[in-house]
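Q: I would like the atomic coordinates for the input below:
(4 chains)
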There are 4 protein chains.
Amino acid sequence: MTNFTIRNEDYAERVRRSFARQGFMGFLGANLTDVAPGRVEITVPFDAQLAQQHGYFHGGVVGTIADNAGGYSSFTLMAPSDSVLTVEYKLNLMAPSNGEILIARGTVIRPGRRLTVSRADVFVVRNGVENLCGTMLGTFMTLENTSDDPARRNPSIRG
Amino acid sequence: MTNFTIRNEDYAERVRRSFARQGFMGFLGANLTDVAPGRVEITVPFDAQLAQQHGYFHGGVVGTIADNAGGYSSFTLMAPSDSVLTVEYKLNLMAPSNGEILIARGTVIRPGRRLTVSRADVFVVRNGVENLCGTMLGTFMTLENTSDDPARRNPSIRG
Amino acid sequence: MTNFTIRNEDYAERVRRSFARQGFMGFLGANLTDVAPGRVEITVPFDAQLAQQHGYFHGGVVGTIADNAGGYSSFTLMAPSDSVLTVEYKLNLMAPSNGEILIARGTVIRPGRRLTVSRADVFVVRNGVENLCGTMLGTFMTLENTSDDPARRNPSIRG
Amino acid sequence: MTNFTIRNEDYAERVRRSFARQGFMGFLGANLTDVAPGRVEITVPFDAQLAQQHGYFHGGVVGTIADNAGGYSSFTLMAPSDSVLTVEYKLNLMAPSNGEILIARGTVIRPGRRLTVSRADVFVVRNGVENLCGTMLGTFMTLENTSDDPARRNPSIRG
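A: Coordinates of the predicted model:
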C-alpha cells in the first residue's frame, strides 16, 4: 500500500544473512519465508518443544517471531552501514495458538531516521485455515555505522 | 512490600507443575528459581542456540521469561479452580543481553477478579554482576473453572 | 474489510449518548464524526490550550482521542446490557502533531466476549494534508449487565 | 534508590519552564508538585470537565499526566542542550479514577544517551486515601542540540 524508499539494494540478502546468524531462529525451526521492502514473513512449524502447558504454541514463540518480523521489516529500509535494534514492543495474544504452523507478517508503519515503527500480525494455521492469534506494535532503532555481523561489529555501542 | 491475599495454599506447587508442563521452558533450559505470593523468578543459562545475530541472548528469550514470570506471579494469587492466560504485555529492551545467565523477576502490581496487572524486570549476569536489560508490563486474565492441566481442561474456552 | 456481528441495533446512538456524557470531550472541543460497526472517528480542532511546549497538539490529546476511538469502536459491537472499559493501551507518537485538526480513526481488530482488541491511527491535518502522527493498540473490556449511563449504573463494579 | 548523574544543574527550573509553556497543563489545572533527579510529580484536582461518562477522571487525563511525569523525569537527567520527546508509552488503567485529586509519580528506570525508559504510577485520592489507578511504562528520546523553548527551536527536527 505504502511506497517505501530502499536505501540498500542488497536488503533481502542482508536480512537473510542476519536471520541465519540468529542461533535462536534455527533452534525454533523458524523460516524466513518472505522479504520485501518494509515487509517480512517468518513461519515456525509446531513442535511439542515449543508448547505451553495446554499443548499450543507458547506465547514466547509468538512474541519472538512477531518481534523479529517487525525488526527485519524495519531493517529492509535501512542503509548499508546501519544495524537494527528492538527498542520495545507490545504484543496482544487474542486466541489460543493451536495449530500446525505459526506465521508472523511484519510491516513498517513509519520509517524514521533514528526510529522505525512497525507492526506484525501472527496467524496460527489449523487444518489449512489461518486464524489471527496475536498482534504486535513495536519500535526499532537504527544503529548507524555498526555492522549487523558480529565479526565486524563495534562492541562499544549500546541500546 | 505489598501484602497479597492467598486463595490457594497449594500455589507454589501449582506453579511448579504448570511450569513443568510447558515444553518450551525445558527446551530453553529455563528454571523456576523462586515462587512466593505475587512473585516468581525464572532463570536461563546462556547457550549459543538462544542467541541473536550478535551472540547475546535473543530478545525473544527475554520476552518469553518476562511474560512467564509475570503470568506465574499472577497465578500465585488465583483460586484453585482458576487458570491463567496472558492478555498482552509490553517489553522494553534497555541493554544488550550479554552474559552467562538471564534472570526474570515478576511481581504483581494489582490483582483483580478478572484481570491482574504484573511487571517483570529482566537482568543479565556477566562476571557475577547483574545488569537490568529488560522490563515488562503486562495484563493477565483469570479463567474461572478451567484447569491449568490439559488432561482436565475444558477445551471450549477462548482467550 | 472484516464483517462484524452487531448485537445492538442502537449502537450508533448509544455511542453518541456516551460520548456526549463525557465532560472531557466537550472540554477538548472533540467531535464524534463517524460511527460504524467496529469503527469510530473522533476529531479535535487545534486550540492553543491543547498544546505542548512547542505549540503542537499535546500528546495527551492524541492519546485521549486514540483511546476513545478504540474504546467506542469496541463498544459498537457490544450487547445492549454491556458497558465498555479501557484495560490498557500503547501509543506510539511518530511525528509532531503540528496542524489545524487532529483525527483519530479506531477499528476493532478482534472482538471477544470479555476482551476486544482495537487499534486507532491518529492523523494531523496541515494545509489540508493528513499526516499519520500516532498509532494506538489497546485492550477493552466488556462489563456485562452494567449501564454506560451513570444514572442507572451499578457503582460496585471495578475494572 | 538509584543514583542518577545530573548533567544540568538547572534541571528543576528547566522542567518548570517547559511545564509552564504547555498550554494543555494550564487548561487541565495540572500542577508540577515535585521535581528531583530522575523523578517528577504532577497533580490535577477533579473538575467535571475532566470526567468520562461515569463522572470519574477521564483515562485521557490519567494518560496525559502519566506521559508528562515520565517525560519530565527523563528530562531532569538530560544535558543543557537537549530537548525531550515521547516516543511511546503503554498505560494500564487498573481501577476507576474516582476521587478529588489525581497524582502521577514518574521515575526513570534507565537513562540512555538517546533513549530513556521511565515509568509513572498514577494515584487517585478519595477521602484522603491514595489508590493506584494507573501505571505507565514509556520510552523518551533525547533530541540533542535542540531547545525545549520554541522561540529558540530548530524546526527541522522530527520525532
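
Q: contacting residues for A:Ser81?
A: A:Glu144, A:Asn145, A:Thr146 (CB atoms under 8 Å, 6 or more residues apart in numbering or on different chains). The way it works is simple: take the backbone N, C-alpha and C, and place the C-beta from them, glycine included.

Q: again, only using 6 Å
A: A:Asn145 (CB atoms under 6 Å, 6 or more residues apart in numbering or on different chains).

Q: Please report how far it lies from B:Arg119.
A: 37 Å (CB to CB, to the nearest Å).

Q: What of A:Thr146?
A: 30 Å.

Q: quick one, which of those two is more surrounded?
A: Taking neighbours as other CB atoms under 10 Å in any protein chain shown, A:Thr146 and B:Arg119 compare with B:Arg119 leading, 23 against 19.

Q: now that one, what's its secondary structure?
A: Look at B:Arg119: counting by DSSP: H, G, I helix; E, B strand; the rest coil, its state is strand.

Q: measure it to C:Ile6 for me?
A: 37 Å.

Q: From the contact counts, what lies against the lengthiest strand in chain A?
A: In chain A, taking DSSP state E as the definition, the longest strand is strand A:129-143. Contacts defined by 3 or more CB pairs under 6 Å, 6 or more residues apart in numbering or on different chains; DSSP states H and E place strand A:129-143 against helix A:59-75, strand A:83-93, strand A:115-126.

Q: Tell me which of those sits nearest to B:Gly99.
A: strand A:83-93 (17.3 Å; CB to CB).

Q: That closest one versus strand C:83-93: what angle between them?
A: 180 degrees (axes from the mean of the first three to the mean of the last three CA atoms, to 10 degrees).

Q: Number of residues surrounding the closest residue in space to A:Gly63 that isn't next to it in sequence?
A: In space, and not counting its chain neighbours, A:Gly63 is closest to B:Gly63: 4.5 Å by CB to CB, 6 or more residues apart in numbering or on different chains. Using other CB under 10 Å, the number of residues around B:Gly63 comes to 29.

Q: Please tell me I have it right and A:Gln27 contacts B:Gln49.
A: Just to correct that, residue A:27 is Phe rather than Gln. Yes - counting by CB atoms under 6 Å, B:Gln49 is a contact partner of A:Phe27 at 4.1 Å.

Q: These two: which has the busier surroundings?
A: A:Phe27 (19 against 16).

Q: Where does pLDDT dip in chain A?
A: A:1-2, A:150-159 (pLDDT under 70).

Q: what residues does it put near chain D?
A: A:Glu88, A:Lys90, A:Thr139 (CB under 6 Å from any CB of the partner chain).

Q: how about 8 Å then?
A: A:Val87, A:Glu88, A:Lys90, A:Gly112, A:Arg113, A:Arg114, A:Leu115, A:Val117, A:Thr139, A:Met141, A:Arg158, A:Gly159 (CB under 8 Å from any CB of the partner chain).

Q: Wasn't A:Gly99 part of a helix?
A: No - judged by three-state DSSP, A:Gly99 forms no part of a helix; its state is coil.

Q: Show the backbone phi and psi for it.
A: phi 180, psi -170 (degrees, to the nearest 10).

Q: what sits against it?
A: A:Phe46, A:Tyr56, A:Phe57, A:Val124, A:Val125, A:Arg126, A:Asn131.

Q: Quick check: it vs A:Ala30, distance?
A: Counting by CB to CB - A:Gly99 and A:Ala30 are separated by 15 Å.

Q: try A:His58
A: Distance from A:His58 to A:Ala30, by CB to CB: 13 Å.

Q: next one: A:Ser81
A: With CB to CB as the criterion, A:Ser81 and A:Ala30 are 27 Å apart.

Q: again, but for A:Met141
A: 22 Å.

Q: same question, A:Ile65
A: 6 Å.

Q: With neighbour numbers in mind, choose between these two.
A: Taking other CB under 10 Å, A:Ile65 and A:Ala30 do not tie; A:Ile65 has more neighbours (29 against 23).

Q: what about the spatially closest residue to that one that is not a sequence neighbour, neighbour count?
A: Closest residue in space to A:Ile65, ignoring its immediate chain neighbours: A:Ala104 at 4.0 Å, by CB to CB, 6+ apart. If you count neighbours by other CB under 10 Å, A:Ala104 ends up with 28.

Q: Thought A:Asp121 was touching A:Ala104, still the case?
A: Yes - counting by CB atoms under 8 Å, A:Ala104 does reach A:Asp121; the two are 7.4 Å apart.
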